[in-house]
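Peer 1: Build me a structure from this.
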Amino acid sequence: MIDEILGLVQRHEQWRGRESINLIPSENVTSPAVRSLLSSDLGHRYTSRQGFYMGSCFIDEIEQYGEELAKDVFHSETSDLRPLSGHIADLVFLASFTEPKDTILCVSPNDGGYPGISEHGISRSLRLRVISFPFSKEGRNIQVEEAIDLTMREKPKIIIFGASIFLFPHPVKELAKVTREIGAHVGYDGSHVLGLIAGGRFQDPLREGASVLIGSTHKTFFGPQGGIILADKEHGETMQEQIHPAYVDNAHWNRIAALTLALAETKVYGKEYAGQVVQNARALAGALAEQHLPVVCPELGYTQSHQVFLDYGDSRQGKVVAKKLEEANIIVDCGIRVGVCEATRRGMRESEMQRIAELMKRVIVDGEEPRRVRKDAMKLAEEFSETLKFGYC
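Peer 2: Below you'll find the predicted structure:
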């Protein structure tokens, strides 16, 4: 039984770490140093801000170090590393500033918004009314004038920018004035683009009118899986009072140590990494379009983030395409969102994006047998496997 479990993990690591090209935009890889902290003794321990546990002096120092680094990297007045995921960070924000029957405004899942805060997610549990931003399918973004009219008419308690399909910066600055006029709390779920924000290559929501920046820490931000809250003093202190014990008890301090080290890596390498991510995404988008794949927004340069979106009309067709690519050891989701954050972390650049587009074209456009393409995909993956090359750490 033990050998079987260990064997499954080893087979997974061989396949996903050395034999496959991972293009899932919600995944990244941590550096070996960050990963080592997840298996440290910190994973066995507790601490408490109320001083209940003894022997935690170094744990407390690590957490304080991480909070200061986070404030420095994101230029925020407060930070909190305790949320166990971006979803929990969303929950803390919504629960801290709403009452049942309040209205929130966000991007609809039908337009690429995050389902976790929709009427079927957190908002349902908190008994919140959800309304959706007017959204342009062509431009893949919020429609500003229509959103202003909706905001003035509905007067939501909370407005949340950000999405799961996230190609272009959202109009935070353009909508900030009206949100202030109605006294709404403005949040920005930067889960997908957190690393690009840290590197100064997407937008700066806390400077553009948002009071709270929340997100997960393992997409374009190359940390361990988890969440983070960054906010101004007023909102940050309110949420810090709410987090424990209502939403997080044991915050997993091995994760917080690993996140702290990832923040340090971001401070040094974040700008270079974020810049290469955006360059790679645009190069891949252009190459895929040349191969006659349905890349959206050509007139807008395809993307300004880590994502490229292939529009197959419905999830059923997307799943068919994703399954064929998986058989060729090219991993995407069924969206189909194509992300370059992990490929970039492994050291790939624009020339490799051209090679990836050619491999995808052979499967999707030419109808070549995936097993024949797999051999070339494995060759490219091995050239940039973590045992040979690792960047920005």
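Peer 1: Am I right that residue 229 sits in a strand?
Peer 2: Yes. Assessed by DSSP: H, G, I helix; E, B strand; the rest coil, residue 229 belongs to a strand.
Peer 1: May I see the buried residues of the lengthiest helix in the chain?
Peer 2: Secondary structure assigned by DSSP state H gives helix 253-290 as the longest helix of the chain. Buried residues in helix 253-290, counted by 16 or more other CB atoms under 10 Å: 253-266, 269-270, 273-274, 276-289. Heads up, the C-betas are built off the backbone N, CA and C, glycines and all.
Peer 1: Next, work out how far apart the residue nearest to the spatial centre of the chain and residue 98 are.
Peer 2: Centroid-nearest residue in the chain: residue 192, 2.4 Å away (criterion: CA atoms, centre = their mean). Residue 192 sits 24 Å away from residue 98 when distances are taken as CB to CB, to the nearest Å.
Peer 1: what's the answer for residue 183, then?
Peer 2: 13 Å.
Peer 1: Could you report the pLDDT at residue 389?
Peer 2: Listed pLDDT for residue 389 reads 65.
Peer 1: could you measure the closest residue to residue 354 other than its chain neighbours against residue 196, distance?
Peer 2: Nearest residue to residue 354 in three dimensions, chain neighbours excluded: residue 287, at 5.0 Å (CB to CB, 6 or more residues apart in numbering). Residue 287 sits 21 Å away from residue 196, going by CB to CB.
Peer 1: what does residue 66 give?
Peer 2: 20 Å.
Peer 1: Could you check which of the two has the larger neighbour count?
Peer 2: residue 196 (28 against 24; other CB atoms under 10 Å).
Peer 1: mind listing what the more buried one touches?
Peer 2: 202, 220, 274, 277-278, 305-306 (CB atoms under 8 Å, 6 or more residues apart in numbering).
Peer 1: name the element it belongs to?
Peer 2: helix 194-198 (DSSP states H and E).
Peer 1: so what's the residue nearest to residue 354 up against?
Peer 2: 353-354, 356-358.
Peer 1: Take these and lay them out in TSV including neighbour count, secondary structure and pLDDT.
Peer 2: Output for those, formatted as TSV (neighbours: other CB atoms under 10 Å; DSSP: H, G, I helix; E, B strand; the rest coil; pLDDT from 0 to 100):
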residue	neighbour count	secondary structure	pLDDT
353	24	helix	98
354	17	helix	98
356	23	helix	98
357	23	helix	98
358	17	helix	98
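Peer 1: between the residues you listed, which is closest to residue 107?
Peer 2: residue 353 (27.4 Å; CB to CB).
Peer 1: After the one helix or strand residue 12 maps to, which helix or strand is next?
Peer 2: Using DSSP H and E, residue 12 maps to helix 2-14. Where DSSP H and E defines the elements, the next helix or strand beyond helix 2-14 is strand 21-22.
Peer 1: Direction included, what does that next one pair up with?
Peer 2: Note on strand 21-22: by DSSP bridges, its sheet partners are strand 330-331 (parallel).
Peer 1: Might you calculate how far the partner strand sits from the centre of the chain?
Peer 2: 18 Å (CA atoms, centre = their mean, to the nearest Å).
Peer 1: Ok, stretch 234-250 next?
Peer 2: 22 Å.
Peer 1: and if you look at stretch 35-51?
Peer 2: 24 Å.
Peer 1: Please enumerate residues in contact with that stretch?
Peer 2: 30, 53, 55-56, 59-60, 62-63, 224, 244, 250, 252-258, 261.
Peer 1: got the end-to-end distance for it?
Peer 2: Start to finish, the residues bounding stretch 35-51 are 28 Å apart (CA to CA, to the nearest Å).
Peer 1: Buried residues, it. List them.
Peer 2: So for stretch 35-51, counting by 16+ other CB under 10 Å, buried means 37-38, 42, 45, 47.
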